[in-house]
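Visitor: Sequence unavailable; structure follows:
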């Protein structure tokens with residue numbers, strides 16, 4: 001299975017994947033996790049030949065250092081090795097798959113994502129087409145414990161039925177590196193629910209925005225509704241919504257508190273939430289959200305949140321939203 005879980009930033013994608021793996025009873029050694037980023041390359045993911053210094057013994061009993069070039073496996077190769085050597089399910093987790101150039105990172109291994117779809121086939125969900133990669137094949141043949149696997153590897157590298165690939169993708173970062181159609185076709189997609197009201201497992205949704213009587217649940221629901229309503233050139237802002245786990249407990253207060261008494265929590269909330277709204281949600285059209293003549297900079301906005309004037313509360317910095 002190849003599956004990408006996606007959703008708003010902070011909606012709980014990584015947590016869901018971890019819960020799925022935990023629920024499946026996967027052993028620690030059967031889980032390989034990697035995070036893509038703009039500098040991540042094919043040689044990092046697959047592996048590469050690198051020099052290493054080893055100590056060798058001379059004929060006279062003395063030792064000397066020699067340089068050898070060996071194949072250093074990457075996460076994909078390690079996941080394949082693990083899957084070849086066990087009948088248990090192995091999981092390769094790719095966090096932030098669109099933060100790197102996924103097509104370039106997979107390279108020719110992209111073909112391995114084509115899996116047998118016939119449930120009656122004994123190789124169901126295994127790679128339909130093997131890929132030739134001599135260095136990778138040689139290393140895997142040496143590491144494989146089963147002779148039948150070694151024989152199959154002579155024909156090419158393949159993803160076995162017991163290797164599941166899960167990936168996470170932040171929908172607000174979809175333009176960092178776009179996933180092309182051919183790549184996406186080889187994955188199934190599942191959007192993670194961001195409905196905080198129906199999330200009975202959320203531990204702090206009833207906690208309060210610092211210095212207010214507004215719960216995180218109410219604030220998030222109202223803010224995300226406003227994000228959807230404030231369209232720019234008729235384009236939806238769906239991917240700009242905040243996830244239900246966008247903030248952590250230290251950004252909130254368990255009880256209603258005076259803003260002057262919870263400056264640390266308030267600052268954590270402001271620099272996480274207000275910064276995101278100011279720089280990402282309303283980079284265009286800030287006047288629909290804030291009094292831009294009054295708050296000319298993010299610094300002004302945060303200062304007003306942390307030290308509201310008499311008769312105001314921290315959330316008064318927002319206009320057109322009634323919390």
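Guide: Received the coordinates, thanks. The structure presented is a predicted model; accordingly, all values stated were derived computationally and were not measured.

Visitor: can we go C-alpha only for contacts and neighbour counts from here?
Guide: Noted.

Visitor: Spit out the contact partners of the residue of the chain most remote from its centre.
Guide: No residue in the chain sits farther from the centre than residue 60, which is 55.4 Å out by C-alpha atoms, centre = their mean. Not one residue lies near residue 60 by C-alpha atoms under 8 Å, 6 or more residues apart in numbering.

Visitor: which regions of this structure lie under the pLDDT threshold?
Guide: Judged by pLDDT under 70, the chain has its weakly predicted residues at 118-123, 172-177, 231-237.

Visitor: Check it for its longest helix and report it.
Guide: Across the chain, the helix with the greatest residue count (assigned by DSSP state H) is helix 216-229.

Visitor: Now do the residue farthest from the centre of the chain against residue 68, distance only.
Guide: 21 Å (C-alpha to C-alpha, to the nearest Å).

Visitor: Check the secondary structure at residue 54 for me.
Guide: Using DSSP: H, G, I helix; E, B strand; the rest coil, the structure places residue 54 in strand.

Visitor: Relative to the whole chain's centre, how far out is the longest helix of the chain?
Guide: Going by C-alpha atoms, centre = their mean, to the nearest Å, the spacing between the C-alpha centre of helix 216-229 and its chain's C-alpha centre is 23 Å.

Visitor: likewise stretch 193-202?
Guide: 19 Å.

Visitor: buried set for it?
Guide: Within stretch 193-202, the residues that qualify as buried by neighbour count (16 or more other C-alpha atoms under 10 Å) are 193-194, 196.

Visitor: go on, stretch 14-29?
Guide: 14, 17, 21.

Visitor: from the middle of its chain, how far away would that stretch be?
Guide: The chain centre lies 15 Å from the centre of stretch 14-29; the measure is C-alpha atoms, centre = their mean.

Visitor: Name the residues that touch it?
Guide: By C-alpha under 8 Å, 6+ apart, the residues outside stretch 14-29 that reach it are 89-91, 95, 166, 168.

Visitor: how about 10 Å then?
Guide: Where contact means C-alpha atoms under 10 Å, 6 or more residues apart in numbering, the residues beyond stretch 14-29 that reach it are 4-6, 12-13, 30-31, 79, 82, 88-91, 93-96, 166-169, 192.

Visitor: Give me the subset of those lying in helices.
Guide: Using DSSP H to define helices, the subset of those located there is 13, 79, 82.

Visitor: so which of the residues you listed comes closest to residue 313?
Guide: The shortest approach to residue 313 among those belongs to residue 13, at 33.0 Å (C-alpha to C-alpha).

Visitor: Helices along the stretch 51-200 of the chain, start to end?
Guide: Using DSSP state H, counting those that start in this stretch, the helices found in the stretch 51-200 of the chain span residues 75-84, 102-106, 134-143, 147-153, 181-184.

Visitor: how far does the last one sit from the chain's center?
Guide: If I follow you right, that is helix 181-184. Relative to the chain's own centre, helix 181-184 is displaced by 18 Å; criterion: C-alpha atoms, centre = their mean.

Visitor: Next: stretch 300-320.
Guide: Per C-alpha atoms, centre = their mean, the centroid offset for stretch 300-320 relative to its chain is 33 Å.

Visitor: end-to-end on it?
Guide: With C-alpha to C-alpha applied, stretch 300-320 spans 19 Å between its terminal residues.

Visitor: got the buried residues for that stretch?
Guide: 301-308, 313-318.

Visitor: dump the residue contacts of the nearest residue to residue 143 once chain neighbours are set aside.
Guide: The shortest distance from residue 143 to any residue other than its chain neighbours is 6.9 Å, reached at residue 81 (C-alpha to C-alpha, 6 or more residues apart in numbering). Taking C-alpha under 10 Å, 6+ apart as the definition of contact, the neighbours of residue 81 are 73, 75, 90, 139-145, 159.

Visitor: Same check on residue 240?
Guide: When contacts are counted by C-alpha under 10 Å, 6+ apart, residue 240 is found next to 7-9, 171-173, 224, 227-228, 276-277, 280-282.

Visitor: Export those residues as CSV, with columns for neighbour count and distance to residue 295.
Guide: Shown next, in CSV, are these (neighbours: other C-alpha atoms under 10 Å; distance: C-alpha to C-alpha, whole Å):
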residue, neighbour count, distance to residue 295
7, 25, 31
8, 25, 27
9, 21, 26
171, 19, 29
172, 19, 25
173, 17, 27
224, 18, 22
227, 20, 20
228, 15, 23
276, 15, 15
277, 20, 14
280, 13, 16
281, 21, 16
282, 20, 14
